[in-house]
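Colleague: kindly generate the corresponding structure for this input.
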Amino acid sequence: MLVEEASDSVSKIDAIYDLGVYLDENGDLDGSTEQMEKALHIAINVNAHEKIGRIGNYVATNYLMQGDMDRSTKTYKLALDHAELTDDYSQIAKISMNLAENFNFSGDYKNAIKYGLNSLKIKESEGDWVRICYHYMAMSNIFKETEDLAKREEYINLAYSKKDEEGCASVSDIAKIYNGLGGVAQQRLQYEKALAYYDTLKIFCEENGFNQGINTALINSALIYQEQGEYETALELVVESDAYADQTMYDSIFSDNCKADLYLSLDKPLLALNLALKNINRPELDFYSAERLKSLKFLYEANFRLKNFDEAYRWNDSLHVYQDSIRSQDVRTAIADLEMQYQTEKKEQQIALLQAENLIRQQERIVYLAVSVVLLLLFAVGALLYFKNKRENDLHLIQLRQQLLRSQMNPHFLFNALGSIQNFMYKNETKKAASYLGNFARLTRSILEQSAEEFILLSDEVELLKNYLELEQIRGKNNFTYTIDVDKNIDTEFVKIPPMLVQPFVENAVKHGLRNIDYAGDLVLSFNEVEDDLHVVVRDNGCGINKQIKNKKESKAHRSMSMEIFRERQVVLSKKYKKEIRFFITDLSETDSLQSGTEVKIIIPL
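Modeller: Okay, here's the model as predicted:
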């Protein structure tokens, strides 16, 4: 239908929308955007929620292709707000995932995961498997950016399992799956396997006429050859890839940066300088922080090699200023805020305990006075009242002390983690610091939510331990793997235990048992229900507890604050609930001379 023939607002919206789609399909992106904006404006005026969602999603994608990230994100949000007022769950899920990808692209991983999981929840709850592989691969890309390899691979495998089912994947979705498999192999330094996946991707895209997939396969193969020092081969592949690119601004920026990097490796600084200057003068570069950092770095290196030292130092200053503005300052601020928050909470809890103890003393004096008076009249009644009040006061004091011990455990653990982030910053490992901070933030949220509880679900404790071990692996000081095994007969959503009870033993296994060993460490954590008890076993293949104690320096370090707090908590919990929490430590070399390591068994009454 022509726009001039439209007789009402709805028909006019549809006609303008169809014109915008036609212009887009024929390569006129600017013209398409202009028509879509007109259609969206009319739809907003008549409050047509379904059309605002559909048109807003389309024009937001156009903005993204044009390099206007901010406008794209705002329009996706508008489209989602109106789509959620309809029953079109497929459209809601699509817009939510597009919004997640925008947040992922700009580095806002918290919102990326939030909107991505919302999209998946809608698709799966509605049984809508159309293009489900696109959604799984979008989630995989988010976890790729957060450097969570396990989660990235998990979603790739979900997509792979569905790719051959009717309607579950498009050509571009299948291309992303092969690309993702290659990326996982590349991240594990399995270069031959990665190149094989990229070759499969290239052949698949050639068979299906999908040029952007061919471009991706060539670029990623080039990056592998670059890592192996084959710079000429890498450069040939990057140049070849240009013929298959969509020619979006991001494609051009990314390709020029790849070439500049390779020219520097080939000792051709002038060619690298020209490409870096071309990129830095593009206004769209502001939307791509990672590529801007690359361009500034190449400008510094190229000028330095050309002995343009004034220019080199000027660009180096710009690089560090920009780097600090988007990374280091954020990390320092986050650390300072967290430290201040926990210091404040700890002081507030200590003050509350002191006030409670003073109140108890005052109550005791009143009780003693009352008992003395009552004893003159009726000794038996007075004694009964005295012991009743004293028992209640003791129970109250035990409860307050238990809360304080938990509050001491949290800052102790958190300060260790903050020190690790600070260490990454001192080494200028900003990417590791950002990744570590992301995992640390998730762990901090769990601890904050659990710190006020006397008991938490076993599933929450297992998740906290998993997050903690992943943080220790990122720190990189100990080369170790870990396994968490929960008996399938245990209902982890029903069984409850005191929070942060197992973590001190896991911390000692990582920091003392697996420390300074010259072989791959392994830690096994198991949970089993035996009669009315929960048996928790922490087993490592490290140097063993006996060897630690023989070393004087190690012996001093072993008197960790976390273990001292655990022993106090053990006493307090036993007094309050009349159930004893027991633990046993065994040096494995005592039972088998061919073994090494330590086994800790914790028995928790249920």
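
Colleague: what about the closest residue to I603 other than its chain neighbours, neighbour count?
Modeller: When the adjacent residues along the chain are set aside, I603 lies closest to R582, with 4.6 Å between them (CB to CB, 6 or more residues apart in numbering). C-beta here means a position set from N, CA and C on the backbone, and glycine is covered the same way. Other residues near R582 come to 12 when the count uses other CB atoms under 10 Å.

Colleague: so R582 is in contact with I602, correct?
Modeller: Yes - distance between R582 and I602: 7.4 Å, which falls inside the contact criterion (CB atoms under 8 Å).

Colleague: domain ranges for the chain?
Modeller: Each structural domain of the chain that the record assigns through automatic domain parsing is listed here as a residue range: 3-243, 247-307, 328-452, 469-606.

Colleague: for D460, which of these is the nearest?
Modeller: Taking CB to CB as the criterion, D460 comes closest to domain 328-452 out of the domains of the chain, the separation being 6.4 Å.

Colleague: that older thread, can you put the domains of the chain in JSON lines and add distance to E463?
Modeller: Supplementary listing: the domains of the chain in JSON lines, determined by distance: least, CB to CB, whole Å:
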{"stretch": "domain 3-243", "distance to E463": "13"}
{"stretch": "domain 247-307", "distance to E463": "30"}
{"stretch": "domain 328-452", "distance to E463": "7"}
{"stretch": "domain 469-606", "distance to E463": "10"}
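
Colleague: now these as TSV including mean pLDDT?
Modeller: Output for the domains of the chain, formatted as TSV (pLDDT from 0 to 100):
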stretch	mean pLDDT
domain 3-243	89
domain 247-307	86
domain 328-452	64
domain 469-606	82
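
Colleague: of all the ones you listed, which one comes closest to S459?
Modeller: It's domain 469-606; of the domains of the chain, that one is closest to S459 (CB to CB) at 3.8 Å.

Colleague: pull up the distance across that closest one, start to finish.
Modeller: Taking CA to CA, to the nearest Å, the first and last residues of domain 469-606 lie 25 Å apart.

Colleague: now swap in stretch 575-582 and tell me
Modeller: Distance across stretch 575-582, first residue to last, is 14 Å (CA to CA).

Colleague: report the distance from that stretch to the chain centre.
Modeller: Relative to its chain's centre, stretch 575-582 lies at 37 Å (CA atoms, centre = their mean, to the nearest Å).

Colleague: which parts of it are buried?
Modeller: Within stretch 575-582, the residues that qualify as buried are I581, counting by 16 or more other CB atoms under 10 Å.

Colleague: ditto for stretch 442-458
Modeller: R442, L443, T444, S446, I447, Q450, S451, I456, L457, L458.

Colleague: is it true that the fifth one touches L464?
Modeller: Yes - counting by CB under 8 Å, I447 does reach L464; the two are 7.1 Å apart.

Colleague: find residues that contact each of the two.
Modeller: In terms of CB atoms under 8 Å, 6 or more residues apart in numbering, I447 and L464 are both contacted by the residues M500.

Colleague: which residues sit in contact with S140?
Modeller: Remark: with contacts taken as CB under 8 Å, 6+ apart, S140 is in contact with K151, R152, E153, E154, Y155, I156, A159, G180.

Colleague: also Y225?
Modeller: Residues Y231, T233, A234, L237 are the ones in contact with Y225 under the rule CB under 8 Å, 6+ apart.

Colleague: quickly check these for the two that are furthest apart.
Modeller: With CB to CB as the measure, no two of those lie farther apart than Y231 and L237, at 10.8 Å.

Colleague: compare neighbour counts for the two and give me the winner.
Modeller: Neighbours around Y231 and L237, counted as other CB under 10 Å, are more numerous at L237. The numbers are 23 against 19.

Colleague: the helix or strand where the more buried one lies: how far from the chain's middle?
Modeller: In this assignment (DSSP states H and E), L237 forms part of helix 231-241. Mean-position distance between helix 231-241 and its chain equals 33 Å (CA atoms, centre = their mean).

Colleague: other SSEs contacting it?
Modeller: Helices and strands in packing contact with helix 231-241 are listed as helix 211-227, helix 249-265; criterion 3 or more CB pairs under 8 Å, 6 or more residues apart in numbering; DSSP states H and E.

Colleague: before we move on, back to that, so which of the domains of the chain comes closest to Y322?
Modeller: Of all the domains of the chain, it is domain 247-307 that lies closest to Y322, at 6.2 Å by CB to CB.

Colleague: list the buried residues for the helix or strand containing G116?
Modeller: Assignment of secondary structure by DSSP H and E places G116 within helix 109-125. When burial is assessed from 16+ other CB under 10 Å, helix 109-125 yields the following buried residues: Y109, A112, I113, Y115, G116, N118, S119, L120, I122, K123.

Colleague: likewise stretch 88-102?
Modeller: Residues of stretch 88-102 classed as buried by neighbour count (16+ other CB under 10 Å): 88, 91-102.

Colleague: before we move on, what about stretch 482-491?
Modeller: Applying a neighbour-count criterion of 16+ other CB under 10 Å, the buried positions in stretch 482-491 are Y482, V486, I490.

Colleague: who's in contact with stretch 215-223?
Modeller: With CB under 8 Å, 6+ apart as the contact definition, stretch 215-223 has outside contacts at 175, 179, 182-183, 186, 194-195, 198-199, 201-202, 205, 233-235, 237-238, 240-242, 244-246, 251, 254-255, 258.

Colleague: who touches the helix holding L237?
Modeller: Counting by CB under 8 Å, 6+ apart, the neighbours of helix 231-241 from elsewhere in the structure are 214-215, 218-219, 221-223, 225-226, 255, 258-259, 262-263, 265-266.

Colleague: quick one: buried ones out of those residues?
Modeller: Judged by 16+ other CB under 10 Å, buried ones among those: 214-215, 218-219, 221-223, 225-226, 255, 258-259, 262-263.

Colleague: and which of the residues you listed is nearest L271?
Modeller: Checking the buried ones among the contacts of helix 231-241 against L271 by CB to CB gives Y263 as the nearest, at 4.3 Å.

Colleague: could I get the phi/psi values of the closest residue in space to T586 that isn't next to it in sequence?
Modeller: Setting aside the residues directly before and after it, T586 is nearest to E599 in space (CB to CB, 6+ apart), at 4.7 Å. Backbone dihedrals for E599, given as degrees, to the nearest 10, come out at phi -120, psi 130.

Colleague: got the angle between the helix or strand where A290 lies and helix 249-265?
Modeller: Counting by DSSP H and E, the element that carries A290 is helix 289-305. An angle of 30 degrees separates the directions of helix 289-305 and helix 249-265 when computed by axes from the mean of the first three to the mean of the last three CA atoms, to 10 degrees.

Colleague: counting contacts, what elements does the helix or strand following helix 289-305 pack onto?
Modeller: Elements were assigned by DSSP H and E; along the chain past helix 289-305, the next helix or strand is helix 309-323. With contacts taken as 3+ CB pairs under 8 Å, 6+ apart, helix 309-323 sits against helix 289-305.
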